[in-house]
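**Student:** coords please:
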Amino acid sequence: MNGSSSDDEPPRSNSRWLVGVLVLLTIPLVVIWWPGCRQYPAVTSKESLEAMKLLYSACNTRDPVRLGQVEQRVEKLVREGKMTPAESASFGRIVAMARAGNWQEAEDAAFKFAQDQVGAGSADHDPHDHAKDEPKAKPTKAKAKP
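**Tutor:** From the prediction side, this is the model:
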């Protein structure tokens, strides 16, 4: 005997297999939860984008009346086939947050929903920091000479 016993050590192929499985399971979790990754589905119609604006406005102003308008609009868009079930579910989750009194969480979620539409889902951007926003220049009309 050479002093080492193969009965005491687990087979290396089993431990490599286990590590491989753990890596394969970890990768999708990292991709899903990585800051800035898409959390919400893409909206499929112009009307859905308008509803998203109304949703953010309702959450930002903490206005239950506007929130009700969002719910009605979402129901209508679903009936008309202009909104997918995934979109509707996302709107529903955010509305439920607001209805539960979690207005700030709902506002942040509505902002993230909108960010995901333009690929700007970034953890670096603070939706409440409007000081960085530059004012838009007003268009000037050329005066006609008499």
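**Student:** from Glu107, how far off is Thr61?
**Tutor:** Distance from Thr61 to Glu107, counting by CB to CB, to the nearest Å: 9 Å. Every residue, glycine included, has its C-beta placed from N, CA and C.
**Student:** repeat that for Val19.
**Tutor:** Going from Val19 to Glu107 by CB to CB gives 42 Å.
**Student:** so between those two, which is more surrounded?
**Tutor:** Glu107 (23 against 10; other CB atoms under 10 Å).
**Student:** hmm, that one is touching Ala58, no?
**Tutor:** No - using CB atoms under 8 Å, Glu107 makes no contact with Ala58, being 9.0 Å away.
**Student:** now Ser48. Its backbone dihedrals?
**Tutor:** Main-chain torsions, Ser48, degrees, to the nearest 10: phi -70, psi -40.
**Student:** ok, now which ones touch it?
**Tutor:** Neighbouring residues of Ser48 by CB atoms under 8 Å, 6 or more residues apart in numbering: Leu77, Lys82, Met83, Glu87.
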